[in-house]
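**Q** what follows is a protein structure lacking sequence information:
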């Protein structure tokens with residue numbers, strides 16, 4: 001099976017950069033953000049290679065992989081994985097609005 005390319009939606013990329021920026025500011029260092037970014041990128045490489053690794057959702061092409069305190073919500077296409085959202089599981093679930101419900 002061919003490895004799919006990873007693309008981020010504009011909203012997902014913006015949210016992810018905000019999360020990393022929050023930790024940079026809170027910790028006064030980029031060390032934790034760097035480690036967290038590496039962890040998410042490792043998970044994305046796994047998703048690219050094994051797209052069905054994530055949990056199924058109500059939508060056939062959308063899946064969710066839990067990595068640490070984060071949920072990577074992504075859509076699978078023939079040649080592409082689209083990251084829809086990276087959700088911090090410590091946030092209020094009522095704030096999670098992607099138009100697609102996770103099972």
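**A** Structure received. Since the model is a prediction, treat every value here as computed from it, not as a measurement.
**Q** now the residue lying closest to residue 67 once chain neighbours are set aside: how far from residue 37?
**A** Ranked by C-beta to C-beta, 6 or more residues apart in numbering and with sequence neighbours excluded, the top spatial neighbour of residue 67 is residue 43, at 4.3 Å. Glycine gets a C-beta too; all of them are placed from N, C-alpha and C. Counting by C-beta to C-beta, to the nearest Å, the gap from residue 43 to residue 37 is 11 Å.
**Q** out of these two, which sits in the busier spot?
**A** More neighbours surround residue 43 than the other of residue 43 and residue 37, with 20 against 16 (other C-beta atoms under 10 Å).
**Q** name the SS class of the residue nearest the centre of the chain, please.
**A** By C-alpha atoms, centre = their mean, the chain has its centre lying nearest to residue 72, at 2.6 Å. Recorded secondary structure, residue 72: strand (DSSP: H, G, I helix; E, B strand; the rest coil).
**Q** report the separation between it and residue 39.
**A** For residue 72, the distance to residue 39 - C-beta to C-beta - is 10 Å.
**Q** equivalent analysis for residue 17, please.
**A** For residue 17, the distance to residue 39 equals 16 Å [C-beta to C-beta].
**Q** residue 8 touches residue 83, doesn't it?
**A** Yes - between residue 8 and residue 83 a contact is recorded at 4.6 Å, counting by C-beta atoms under 8 Å.
**Q** show me what contacts the residue nearest to residue 67?
**A** Contacts for residue 43 (C-beta atoms under 8 Å, 6 or more residues apart in numbering) come out as 65, 67, 72.
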